[in-house]
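Colleague: prediction below, plus the sequence it came from.
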Amino acid sequence: MPWKECSVMEERLRFVARLLEGEAMSDLAREFGIARKTGYKIFNRYKEHGLDALCDRSRRPWRYANQLPAQVESLIVRAKKERPHWGARKIRELLVKRLAGDVRIPAQSTVHAVLDRHGLVKRAKTRRNKAMGTTLADVSHPNALWCADFKGEFRLGNREYCYPLTVTDQASRFILMCEALQSTREDTALTAFQRLFEERGLPDAIRTDNGLPFASPNGLYNLSKLSVWWLRLGIAIERIKPGKPTQNGRHERMHLTLKMETTRPPGINSLQQQARFDDFVREFNHDRPHEALAMKTPADIHRPATRSYRGLPDIDYPMHDRDVLVTACGRICMHKKKINISTVMAGQRLGLKEVDDGIWVVTFMAYDLGYIDLEQKTLQPIDNPFGTRVSPMS
């Protein structure tokens with residue numbers, strides 16, 4: 001415990017001890033240089049909670065709704081129900097008057113997020129789409145869902161590492177891509193997917209695990225730049241649970257066959273290894289019958305995607321007050337204030353709409369990301385708009 005905090009606690013302890021010995025509150029308050037109201041507050045806190053109550057209680061605002069004590073959240077909800085026309089700012093002032101010095105006072109954006117979670121505020125607009133999250137789809141037609149993964153790295157004959165990036169169609173088992181990459185870097189994967197989309201078109205959704213470059217542990221809602229790019233293209237994202245490769249079982253089964261037939265022994269270099277992958281893909285797609293496909297080949301079932309790749313579509317926000325571009329460092333500027341969003345959103349255009357006094361909802365495409373409190377200069381995330389398992393990981 002810091003020295004200053006110890007000193008304050010000792011002062012309060014002496015104050016309470018002398019009260020217990022029978023000295024008058026008015027005389028002690030005058031001697032210690034405090035108001036009688038403050039003295040009674042200290043003494044009542046001691047009687048309710050013991051010695052622990054004599055420690056300093058931080059007044060730093062709570063910034064995250066899921067950290068609030070249940071009693072504080074209940075007070076926010078009850079205050080809103082009793083005063084339905086009050087906004088987050090007025091309710092926070094009510095908390096300041098009732099709780100200041102007793103508990104940490106939540107930020108205005110946190111109060112608004114609590115009200116939003118309990119359905120007590122009007123959304124800026126109705127969401128047009130819902131993210132797939134990891135409510136894993138059971139698809140029956142080609143291009144409804146593609147599965148992507150990096151097969152485990154291995155050494156080539158020249159001692160360099162190879163990182164195979166693979167993509168399959170869930171319904172037909174058709175291998176859409178098997179690239180011998182030299183790393184799992186995001187920019188390398190993005191280039192490979194762009195070539196794939198130009199050649200094969202766009203799926204409705206892509207299922208991956210929770211690792212880089214498909215997800216980012218430090219990104220907003222664990223999004224990565226690659227998954228944000230997919231969303232911009234109108235591709236929903238699915239995530240399997242960590243440690244549950246069976247949720248991508250068809251793809252993993254293909255990986256076993258790929259490993260046995262192309263990496264034992266491995267190629268001398270990446271060009272030779274890529275040639276082996278290409279031969280395997282041709283045979284797997286066109287020659288090898290599959291029991292689950294009634295002994296048809298994946299090529300017999302697969303069909304070209306109906307959506308073609310034409311680059312990123314423009315985004316506009318006609319129902320919002322304004323739009324703003326996220327800087328390269330992941331910030332937006334509002335009223336000469338810099339507010340951190342996330343570097344994975346760099347270069348993306350967001351919509352802003354004021355939904356309460358000083359509270360702005362931040363929207364990406366059709367997804368509400370959270371609320372901005374201009375006083376706190378922070379983004380307060382809300383319930384994950386991309387599905388319950390995109391963030392946090394489970």
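Modeller: Received the coordinates, thanks.

Colleague: model confidence at Cys6, what's the number?
Modeller: Here, the pLDDT recorded for Cys6 equals 44.

Colleague: again, but for Asp56
Modeller: 54.

Colleague: how about the helices in this protein?
Modeller: For the chain, the helices defined by DSSP state H cover 3-20, 25-32, 36-49, 70-82, 88-99, 108-117, 186-200, 225-232, 249-262, 270-286, 298-301.

Colleague: just say which of the ones you listed is most tucked in.
Modeller: helix 108-117 (a mean of 26; mean count of other Cβ atoms under 10 Å). In short, each C-beta sits where N, CA and C put it, glycine included.

Colleague: what packs against that one?
Modeller: helix 70-82, helix 88-99, strand 359-364, strand 367-373, strand 378-381 (3 or more Cβ pairs under 8 Å, 6 or more residues apart in numbering; DSSP states H and E).

Colleague: how about low-confidence regions in the stretch 51-200 of the chain?
Modeller: 51-68, 100-103, 122-137 (pLDDT under 70).

Colleague: any idea how this structure splits into domains?
Modeller: 3-54, 65-117, 146-301, 322-381 (automatic domain parsing).

Colleague: can you put the ones you listed in CSV and add distance to Ser140?
Modeller: As requested, these are arranged in CSV below (distance: least, Cβ to Cβ, whole Å):
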stretch, distance to Ser140
domain 3-54, 60
domain 65-117, 36
domain 146-301, 6
domain 322-381, 26
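
Colleague: would you reformat the helices of the chain as a markdown table and include distance to Glu153?
Modeller: Output for the helices of the chain, formatted as a markdown table (distance: least, Cβ to Cβ, whole Å):
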| stretch | distance to Glu153 |
| --- | --- |
| helix 3-20 | 51 |
| helix 25-32 | 68 |
| helix 36-49 | 56 |
| helix 70-82 | 46 |
| helix 88-99 | 49 |
| helix 108-117 | 41 |
| helix 186-200 | 13 |
| helix 225-232 | 18 |
| helix 249-262 | 12 |
| helix 270-286 | 12 |
| helix 298-301 | 26 |
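
Colleague: nearest to Ile359, out of these?
Modeller: Nearest of the helices of the chain to Ile359, taken as Cβ to Cβ: helix 108-117 at 5.0 Å.

Colleague: angle of that closest one against strand 359-364?
Modeller: Interaxial angle, helix 108-117 versus strand 359-364 (axes from the mean of the first three to the mean of the last three Cα atoms, to 10 degrees): 70 degrees.

Colleague: the domains of the chain: which one's closest to Leu312?
Modeller: Using Cβ to Cβ, the nearest of these to Leu312 is domain 146-301, at 5.1 Å.

Colleague: follow-up on the earlier one: mind checking which of the domains of the chain is nearest Asp138?
Modeller: Here domain 146-301 is closest among those (Cβ to Cβ), at 9.0 Å.

Colleague: for the closest one, the distance to its chain's centre please.
Modeller: 24 Å (Cα atoms, centre = their mean, to the nearest Å).

Colleague: same check on stretch 27-38?
Modeller: That offset, for stretch 27-38, works out to 50 Å (Cα atoms, centre = their mean).

Colleague: convert that stretch to CSV, retaining C-alpha atoms only.
Modeller: Extracted C-alpha coordinates of stretch 27-38, given in CSV (Å, rounded to 0.1, in the frame of the first residue of the first chain):
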residue,chain,number,x,y,z
ASP,A,27,-15.2,18.4,18.4
LEU,A,28,-13.4,15.7,16.4
ALA,A,29,-14.5,17.0,13.1
ARG,A,30,-13.2,20.4,14.0
GLU,A,31,-9.9,19.0,15.2
PHE,A,32,-9.4,16.9,12.0
GLY,A,33,-10.5,19.8,9.8
ILE,A,34,-13.4,18.0,8.2
ALA,A,35,-17.2,18.6,8.0
ARG,A,36,-19.4,16.7,10.4
LYS,A,37,-21.2,15.2,7.3
THR,A,38,-17.8,13.7,6.2
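
Colleague: which residues are in contact with it?
Modeller: 11, 15, 18-19, 25-26, 39 (Cβ atoms under 8 Å, 6 or more residues apart in numbering).

Colleague: nearest residue to Gly219 other than its sequence neighbours?
Modeller: The spatial neighbour of Gly219 that comes closest, neighbours along the chain excluded (Cβ to Cβ, 6 or more residues apart in numbering), is Val344 at 4.0 Å.

Colleague: so that neighbour sits against Cys329, correct?
Modeller: No: contact criterion Cβ atoms under 8 Å: Val344 and Cys329 do not qualify, at 11.9 Å.

Colleague: between those two, which one's more packed in?
Modeller: Each of Val344 and Cys329 has its neighbours counted (other Cβ atoms under 10 Å); Val344 has more, 23 against 10.

Colleague: can you tell me which residue sits nearest the middle of this structure?
Modeller: Tyr221 (0.7 Å; Cα atoms, centre = their mean).

Colleague: do I have it right that that residue meets Leu379?
Modeller: No: judged on Cβ under 8 Å, Tyr221 makes no contact with Leu379 at a distance of 11.1 Å.

Colleague: shared neighbours, those two?
Modeller: With Cβ under 8 Å, 6+ apart as the test, Tyr221 and Leu379 both reach Leu369.

Colleague: which one of the contacts of stretch 27-38 is nearest to Met319?
Modeller: Nearest member of the contacts of stretch 27-38 to Met319, counting by Cβ to Cβ, is Gly39, at 54.5 Å.

Colleague: check the gap between the closest one and Lys47 for me.
Modeller: Counting by Cβ to Cβ, to the nearest Å, the gap between Gly39 and Lys47 amounts to 13 Å.

Colleague: repeat for Arg207
Modeller: Taken as Cβ to Cβ, the span from Arg207 to Lys47 is 58 Å.

Colleague: now His255
Modeller: For His255, the distance to Lys47 - Cβ to Cβ - is 66 Å.
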